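Enquirer: pasting a predicted model and its sequence here:
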Amino acid sequence: MPSILHAAAVLLVHLWLTATFCLGIRTFGGGDGSRFGFSEAPDYRNGVECPVSVNKELVSSCDLSLVHVAMTLDSEYLRGSIAAVHSVLRHASCPENIFFHFITAEFDPASPRVLSKLVRSTFPSLNFKIYIFREDTVINLISSSIRQALENPLNYARNYLGDILDLCVDRVIYLDSDLVVVDDILKLWNTTLTNSRVIGAPEYCHANFTKYFTDGFWSDPDMSRVFQSRKPCYFNTGVMVMDLVRWREGNYRKRIENWMEIQRKRRIYELGSLPPFLLEFAGNVEAIDHRWNQHGLGGDNIRGSCRSLHPGPVSLLHWSGKGKPWVRLDARKPCPLDHLWRPYDLYKASLVKDPSSSTTSIFGFSSYLL
């Protein structure tokens, strides 16, 4: 525990020295924003060295000067998503050159229109676009997992980015909603995908790769030979640099769907959306520095216990696993590293009251969902 506290203290000092702390954030005085209980983020602006957009008044997703970031946006992880966006902007050298692509669920309790208003109210100058992910695209391909949250159809939206995003978007960074970026995302964007690789991500070759698939998979020579010509390593799909041109040309959406169809019939893995990516890409991933995914901070998928940082520098903190920092902080049972997430949290719980109870809720807005 002392080592965890020491690591947390060191990183907190780093954040204080390298970024302006979010003082002076103002809370919405009315309108839809106040009902959600989020504060407006500071207005982050480009430095003089940043490339100038072709059309500053109306930024198009086809602008070649943009850094593209794709994330899912839903009511369950809304607080985490807002914090993640805030962290990206706060540490970016050219925040006005970042374009966010938000994928929303078709049947989420919060409609895409409401989510769009919330994002615009929280980040007035943000470049973003909302896309609706049709759950029937994937619902019949999803098999049961070790944790129910992993069965959410929106978890599989990353499989369809090549189809969902505009065709002019040929490269994108995919980020999960339970993370914060503490470095300039342009550094991650500038990753070169060599040898026609489709994705880049931090690899973890020390992990026991065999545990991600069932004994039935490994005992079947026709199945296990998929890794015969590769040296597969585990990677986390919550942080990926993706070449969408190569993705579309290789029809990787269909390849991943094929593995999901096999899973429905034969049960070759236990986790949700990760194993099909491992089957297709493990051993052929552009290795990115581990600093860009300090993952597992949410503990395992059952208990969500506290974890410490991996050795080395940190550019991105990722609470993958069951435990989420906002849940543990609200319950007053935080892990030491959860306090590193708090500076990016724009949620103001005291502003929202659930009319059906005396407790505060971020989701007390069913009466005006559209």
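Expert: Ah, there it is. Numbers count the residues shown, from 1 in each chain.

Enquirer: run the chain-centre distance for stretch 289-296.
Expert: Stretch 289-296 sits 13 Å away from the centroid of its parent chain (CA atoms, centre = their mean, to the nearest Å).

Enquirer: endpoints of it, how far apart?
Expert: From its first residue to its last, stretch 289-296 covers 16 Å (CA to CA, to the nearest Å).

Enquirer: give me the contact list for that stretch.
Expert: 183, 188, 201-202, 204, 236, 238-239, 307, 309-310, 312-318, 320-321 (CB atoms under 8 Å, 6 or more residues apart in numbering). No exception for glycine: its C-beta is placed from N, CA and C like everyone else's.

Enquirer: can you pull out the strands in the stretch 251-370 of the chain?
Expert: 286-287, 316-318 (DSSP state E, counting those that start in this stretch).

Enquirer: please name every helix or strand in contact with the last one.
Expert: Pointing back at strand 316-318 there. strand 179-181 (3 or more CB pairs under 8 Å, 6 or more residues apart in numbering; DSSP states H and E).

Enquirer: tell me the helix or strand right after the lowest-mean-pLDDT helix or strand in the chain.
Expert: When the helices and strands of the chain are compared on mean pLDDT, DSSP states H and E, helix 32-36 comes out lowest with a mean of 46. Counting by DSSP states H and E, the element after helix 32-36 in chain order, helix or strand, is strand 67-73.

Enquirer: how much space between the residue lying farthest from the centre of the chain and Gly272?
Expert: Distance from the C-alpha centroid of the chain, by CA atoms, centre = their mean, peaks at Pro221 (34.7 Å). Distance of Pro221 to Gly272, computed by CB to CB, to the nearest Å: 26 Å.

Enquirer: identify the residues contacting the spatially closest residue to Cys205 that is not a sequence neighbour.
Expert: Nearest residue to Cys205, sequence neighbours excluded (CB to CB, 6 or more residues apart in numbering): Cys233, at 3.9 Å. Going by CB under 8 Å, 6+ apart, Cys233 touches 203-205, 207, 209, 282-283, 285.

Enquirer: partners of the one helix or strand Thr104 maps to in the sheet?
Expert: Using DSSP H and E, Thr104 sits in strand 98-105. Counting by DSSP bridges, the strands paired with strand 98-105 are strand 67-73 (parallel), strand 127-133 (parallel).

Enquirer: between the next helix or strand after that strand and strand 67-73, how big is the angle?
Expert: Once the chain leaves strand 98-105, the next helix or strand it forms, by DSSP H and E, is helix 112-122. Angle of helix 112-122 versus strand 67-73, following axes from the mean of the first three to the mean of the last three CA atoms, to 10 degrees, is 130 degrees.

Enquirer: show me what helix 112-122 is packed against.
Expert: Using 3+ CB pairs under 8 Å, 6+ apart, helix 112-122 is in contact with helix 32-36, helix 78-91, strand 98-105, strand 127-133.

Enquirer: same thing but 6 Å
Expert: helix 32-36, strand 127-133 (3 or more CB pairs under 6 Å, 6 or more residues apart in numbering; DSSP states H and E).

Enquirer: pLDDT of that helix, averaged?
Expert: Averaged across helix 112-122, the pLDDT comes to 95.

Enquirer: with stretch 246-263 instead?
Expert: On average, stretch 246-263 scores 96.

Enquirer: for stretch 164-179, same thing?
Expert: On average, stretch 164-179 scores 97.

Enquirer: one more: stretch 135-153?
Expert: Rounded mean pLDDT across stretch 135-153 is 72.

Enquirer: that stretch spans what distance, first to last residue?
Expert: 6 Å.

Enquirer: over to stretch 313-329?
Expert: Using CA to CA, the distance between the terminal residues of stretch 313-329 is 25 Å.

Enquirer: stretch 128-139 now?
Expert: End-to-end for stretch 128-139, by CA to CA: 27 Å.

Enquirer: number the residues from 164 up from this point.
Expert: Sure, I'll start counting at 164 from here, so that last one is stretch 291-302.

Enquirer: list the buried residues in it.
Expert: Buried residues in stretch 291-302, counted by 16 or more other CB atoms under 10 Å: 291, 294, 296, 298, 300-301.

Enquirer: same question, stretch 354-371
Expert: 354, 356, 360-367.

Enquirer: swap in stretch 426-445?
Expert: 426, 431-445.

Enquirer: which one of those sits closest to Asn315?
Expert: Gly435 (8.2 Å; CB to CB).

Enquirer: give me the neighbour count for Cys225.
Expert: Residues near Cys225, counting by other CB atoms under 10 Å, number 13.

Enquirer: where along the protein do the helices fall?
Expert: 165-181, 195-199, 241-254, 275-285, 324-327, 348-352, 378-382, 384-387, 407-412, 415-429, 437-444, 488-493 (DSSP state H).

Enquirer: good, wrapping up.
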